[in-house]
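*Asks:* With the input below, show me the fold.
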Amino acid sequence: MTYCVAVRVSDGLVMLSDTRTNAGVDNISRFSKMFTWEVPGERVIAIMTSGNLSITQGVITRINKAVERSREDPTVESILNADSLYHAAELVGEAMQGLQDRYRNSIQAGGAGADATVVVAGQRRGGRHRLFMVYSAGNFIEAADDTPYFQLGEHKYGKPILDRVLSIDSPLDQVVKAVCVSMDSTLRSNLTVGMPLHLAVIRRDRYAFDVRRRIEADDPEFEAISQHWGSALRDAFAELPDIVDFVR
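*Replies:* Next up is the predicted model:
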């Protein structure tokens, strides 16, 4: 399975993804689900993927091929020369649609699911920072001020904290803590989501990654967040008022 979360706030973008894939209890592997491109001072883009691995790997391969071709021939469209992040999302959607048209029937005939979802986040010079979710059909939606985040995969365990603490005005350091708590809650409740993690932070109007790092299972900063959050929950639970008085 998968858990990825991406947040767009006024100050920028934060993305966090796990690496575990699960095709049965005896077939568990690790694959990166976050991919990044950067032209410092001009644009920065991050993509996260979930769903059928052959489809999502094919989408990334098509995107990379277009990027390489566009470096030799500027008339070739790619996410690194698209005139807007919206158009970059369209190009990702076209890659998704092409692979679905080609392989979906044969994948489903073999008994597997072909659905896949991709999150596209970033900013280009002259445009605002944006966040999109691209579906299997190639269509997509954009995060808005009232709904500043998207989740992929096992979203239910990590969603409550995001709903309670995030807003469009949340500072980036608080967003990073929120997505880490969201991931920690998911890791503890679902064995199909696993370490290591990949974290990326894009500050608005920087056109570069402020943070791009891999978080291993023994990472002291992530472990500190996990331990403090668990302790805070236990303390808060102990202080809750009683619903029924059992003292006689």
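*Asks:* Low-confidence bits of the protein, can you list those?
*Replies:* For the chain, applying pLDDT under 70 flags the ranges 22-28, 246-248.
*Asks:* residue ranges of the strands in it, please?
*Replies:* Here the chain has its strands, by DSSP state E, at 3-9, 12-17, 20-22, 28-30, 34-39, 43-51, 116-124, 130-134, 140-142, 149-153, 197-203, 209-215.
*Asks:* Distance to residue 170 and mean neighbour count for those strands - can I get that in TSV?
*Replies:* No exception for glycine: its C-beta is placed from N, CA and C like everyone else's. As requested, these are exported to TSV (distance: least, Cβ to Cβ, whole Å; neighbours: other Cβ atoms under 10 Å):
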stretch	distance to residue 170	mean neighbour count
strand 3-9	5	27
strand 12-17	9	27
strand 20-22	28	18
strand 28-30	30	12
strand 34-39	21	18
strand 43-51	19	25
strand 116-124	16	26
strand 130-134	14	23
strand 140-142	18	16
strand 149-153	10	23
strand 197-203	13	23
strand 209-215	16	15
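*Asks:* Go through the helix ranked longest in the chain and flag the buried ones.
*Replies:* Longest helix in the chain by number of residues (criterion: DSSP state H): helix 85-109. Of all the residues in helix 85-109, those buried under the rule 16 or more other Cβ atoms under 10 Å are 85, 88-97, 99-100, 104, 107.
*Asks:* can you tell me which two in those are farthest apart?
*Replies:* 85 and 107 (29.6 Å; Cβ to Cβ).
*Asks:* With adjacent residues omitted, what lies nearest to residue 36?
*Replies:* Closest residue in space to residue 36, ignoring its immediate chain neighbours: residue 46 at 4.9 Å, by Cβ to Cβ, 6 or more residues apart in numbering.
*Asks:* what separates that neighbour from residue 11, distance-wise?
*Replies:* Going from residue 46 to residue 11 by Cβ to Cβ, to the nearest Å gives 16 Å.
*Asks:* again with residue 72
*Replies:* 36 Å.
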